[in-house]
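>>> structure for this input, please:
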Amino acid sequence: MADDHKDPVAWLLRVASAERLTDGALAIGGTYDDPGDETMTDETTKHDPYDGADYYDANEDAESLTHEHPEDAIEAWIEDATVPELKELIDDGDFELQIFAWRRQEPPSDSMRTRMAERVAERFVEVLDDDYEFGDLGGDCTEVTPMDVAAARVFVDDVLSRYKIWPCDREGSRVIDLEPYLREKHPELFVEDPEAERQASGSK
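Residues are numbered from 1 along each chain as shown. Next up, the predicted model:
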């Protein structure tokens, strides 16, 4: 077996291969246009990216996404609303709440991964030449070879198979009927007050 310091590319390939996961990179869907008021067929609903989104929120400008299920976003909105606000909503009979969906951005494409591998290989060879002074101090810098890039690509793919991508893209939205949730969380808001009704009508 060659010494690691004499064959850094073999070392890189050996380390990456030993740790390589078989599951592959995280698969994340693409973009989605909000269907708005269009009637959705069963086939469209079956493949609606909204259902498979990563995060949901009632605020379309949310800066921090934490709700992984639509129900979590709905319950958070109800918890944040004041009782007078909820009471006004019930009195108006407007129970619609729009929930927005987000999905993590897709992993780097094949061409981008190749460019990443080229940069990794170039930087690694540069470190060997300059930082460790393994190169020809009196000659030219060591050139990166296709084999170096191929070895670096194994490393890039391995890291990306575990790397969590945080930036998200909007995946459309849905209008939710809040009434069932309100009746479960705040049933007291739906209890009629006979005394208040009599006062409002002016009767004794």
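
>>> mean confidence for stretch 65-76?
Average pLDDT, stretch 65-76: 94.

>>> quote the end-to-end distance of that stretch.
Across stretch 65-76, the terminal residues are separated by 12 Å (Cα to Cα, to the nearest Å).

>>> list the buried residues of it.
Going by neighbour count (16 or more other Cβ atoms under 10 Å), the buried part of stretch 65-76 is 65, 67, 70, 73-74, 76. Where you see a C-beta, it was placed from the backbone N, CA and C, and this is true even at glycine.

>>> helix or strand right after the helix or strand of the chain with the lowest mean pLDDT?
Lowest by mean pLDDT, DSSP states H and E among the helices and strands of the chain is helix 42-46, with a mean of 45. The first helix or strand that comes after helix 42-46 along the chain, using DSSP states H and E, is strand 55-57.

>>> average pLDDT for that following strand?
Within the predicted structure, the mean pLDDT of strand 55-57 is 96.

>>> contacts for it, please.
By Cβ atoms under 8 Å, 6 or more residues apart in numbering, the residues outside strand 55-57 that reach it are 65-70, 72-73, 76, 99-103, 168.

>>> any idea which of these is closest to Pro187?
For Pro187, the closest of the contacts of strand 55-57 turns out to be Ala76, at 19.3 Å, with distances computed as Cβ to Cβ.

>>> I'd guessed that closest one sits against Ala62; true?
No - taking Cβ atoms under 8 Å as the contact criterion, Ala76 and Ala62 are not neighbours in contact, 10.4 Å apart.
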